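*Asks:* here are the coordinates; sequence isn't available:
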């Protein structure tokens with residue numbers, strides 16, 4: 001174990017409030033982000049340490065922590081059970097020997113689905129030590145075909161050989177050979193073909209090898225079965241690997257094979273721009289089409305789509321695909337396309353996409369190009385939710401009859417568009433915020449309402465009396481300043497245990513402090529404390 005981690009773990013040997021740990025200079029900054037997840041009041045949980053080792057991509061801190069907890073003796077000892085073993089196989093199979101050592105009574109059980117799943121998961125991760133440690137717990141347990149297939153998919157030849165030696169009765173089948181070919185591991189394939197002569201590679205297995213992009217493996221299979229032929233279908237699978245030197249070699253070796261549009265589209269879907277460029281240069285009969293471009297756009301391969309458009313000026317996407325690019329914010333591609341085809345891309349669909357993509361320049365270009373494109377109240381509402389202040393200004397300039405009303409403010413509020421709310425309040429000082437429906441008004445405090453909006457709403461609606469639900473919503477969503485305003489608007493309103501809990505859930509320390517200072521009768525209960533540890 002890392003001695004440095006041991007020093008940090010000593011901090012947790014006695015109950016400590018979370019804030020003491022987070023403020024302790026002895027705890028490295030990079031570890032503090034993990035502490036709230038693994039820490040429970042007064043102790044660490046072995047199960048949590050294992051789970052968060054997985055979620056933190058096997059961060060050394062959590063691996064060391066789990067190892068430390070497994071080595072504990074005395075009253076603090078946490079004994080791993082069969083489920084802990086399964087959880088370890090799922091999250092960090094390298095700890096399996098330590099788990100088994102911590103509880104020598106743990107073993108695989110014949111007929112147990114949990115035991116089967118534990119061994120299967122460990123094999124699928126290619127963990128040889130974990131598999132052998134598990135098999136040693138019951139010498140009568142023999143790995144079956146499923147375990148063998150899992151091991152083959154992991155591409156660990158040593159593990160595959162170990163399983164075959166452990167259970168001499170195992171007979172690899174065509175599926176086993178296919179999985180081995182797909183893994184691209186020539187050692188496993190060669191071993192299987194040599195030891196089990198009944199296995200014979202077929203066309204499907206050859207395609208699996210082609211998909212792996214391993215030329216030596218393809219050659220080995222062709223030698224093992226002279227009846228096999230490398231055909232157009234195999235070429236398509238080889239292209240999926242993106243291995244350009246291999247594809248160049250295959251096209252030279254088999255001159256009757258020619259790359260086709262299907263291969264190009266497959267490469268576009270996978271974002272293999274280099275492969276597409278090579279194929280187009282080496283085979284002039286190929287020509288990129290609209291489908292190829294749209295594959296690149298739909299699968300978000302930005303650079304490839306731009307390269308295709310710049311290289312082939314007569315290539316352009318459909319309005320639907322263009323709208324997708326606009327909404328994704330691909331400005332570098334969008335403006336040149338719009339300039340080249342203004343009539344094709346100048347309707348309400350593109351306008352909505354430009355608002356969602358926050359593309360102010362395109363919004364302006366749309367109005368300049370198409371005078372008949374007049375934004376309505378629905379478009380303006382969309383801009384409140386998804387747009388920017390500049391876009392709203394552009395829409396109002398394009399249609400001065402549009403109105404900024406309370407619904408508009410609420411729409412921006414519901415989406416948490418605080419910048420938009422500030423802009424609207426500042427540019428519309430006479431905005432009528434009177435709301436006759438108090439239920440609607442209550443909903444305004446269910447998002448991250450700004451203090452400025454809260455003040456304006458309460459001023460415009462003096463008859464509005466916030467209820468308990470509104471207060472609880474404010475403590476969850478808003479700042480302490482807004483919570484204070486709500487309490488002032490209804491002096492009879494008293495925060496309760498739920499109010500405190502909601503404030504704690506969001507980690508809003510200022511609101512929690514406000515509530516506890518104003519109402520000392522409230523005491524945090526166990527549930528609130530647990531939530532504080534996680535917040």
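*Replies:* Thanks, I have the structure now. Note that the structure is a prediction, hence the values are computed from the model and not measured. Numbers count the residues shown, from 1 in each chain.
*Asks:* so where is the stretch 51-200 of the chain shaky, pLDDT-wise?
*Replies:* 52, 54-57, 61, 76 (pLDDT under 70).
*Asks:* the helices in it, which residues?
*Replies:* According to DSSP state H, counting those that start in this stretch, the stretch 51-200 of the chain carries its helices in the segments 60-70, 82-91, 96-102, 113-124, 128-136, 145-153, 157-166, 174-183, 186-195.
*Asks:* and the fourth one with helix 157-166, angle?
*Replies:* Angle between the axes of helix 113-124 and helix 157-166 is 130 degrees (criterion: axes from the mean of the first three to the mean of the last three C-alpha atoms, to 10 degrees).
*Asks:* now do the same for the spatially closest residue to residue 522 that is not a sequence neighbour: its pLDDT.
*Replies:* Of all residues beyond its chain neighbours, the one nearest residue 522 is residue 500 (5.5 Å), with distances taken as C-beta to C-beta, 6 or more residues apart in numbering. C-beta here means a position set from N, CA and C on the backbone, and glycine is covered the same way. Among the per-residue scores, residue 500 holds a pLDDT of 75.
*Asks:* likewise for the one 4 residues further on?
*Replies:* You'll see residue 504 listed with a pLDDT of 74.
*Asks:* surely it and residue 516 touch.
*Replies:* No. Residue 504 is beyond contact range of residue 516, at 10.6 Å (criterion: C-beta atoms under 8 Å).
*Asks:* quick one: which of those two has more around it?
*Replies:* A count of neighbours by other C-beta atoms under 10 Å puts residue 504 above the other of residue 504 and residue 516, at 25 against 16.
*Asks:* helix or strand right after the host helix or strand of the more buried one?
*Replies:* Of the helices and strands defined by DSSP states H and E, residue 504 is found in helix 497-505. Downstream of helix 497-505, the next assigned helix or strand under DSSP H and E is helix 509-518.
*Asks:* what comes into contact with that next one?
*Replies:* With C-beta atoms under 8 Å, 6 or more residues apart in numbering as the test, helix 509-518 has contacts from 475, 479-480, 483-484, 487, 495, 499-500, 503-504, 522.
*Asks:* mind listing what's buried in that helix?
*Replies:* Neighbour counts over helix 509-518 (16 or more other C-beta atoms under 10 Å) mark 511-512, 514-516 as buried.
*Asks:* for the helix or strand harbouring residue 383, packing partners?
*Replies:* Assigning secondary structure by DSSP H and E places residue 383 in helix 377-386. Contacts of helix 377-386 with other secondary structure elements, assessed using 3 or more C-beta pairs under 8 Å, 6 or more residues apart in numbering; DSSP states H and E, are made with helix 348-356, helix 389-398, helix 406-414.
*Asks:* buried ones in it, by neighbour count?
*Replies:* Buried residues in helix 377-386, counted by 16+ other C-beta under 10 Å: 379-386.
*Asks:* ok, so of those, who is nearest residue 223?
*Replies:* Of all the buried residues of helix 377-386, residue 223 sits closest to residue 386, with 59.7 Å by C-beta to C-beta.
*Asks:* nearest residue to that closest one other than its sequence neighbours?
*Replies:* For residue 386, the closest residue by C-beta to C-beta, 6+ apart turns out to be residue 356, at 4.8 Å.
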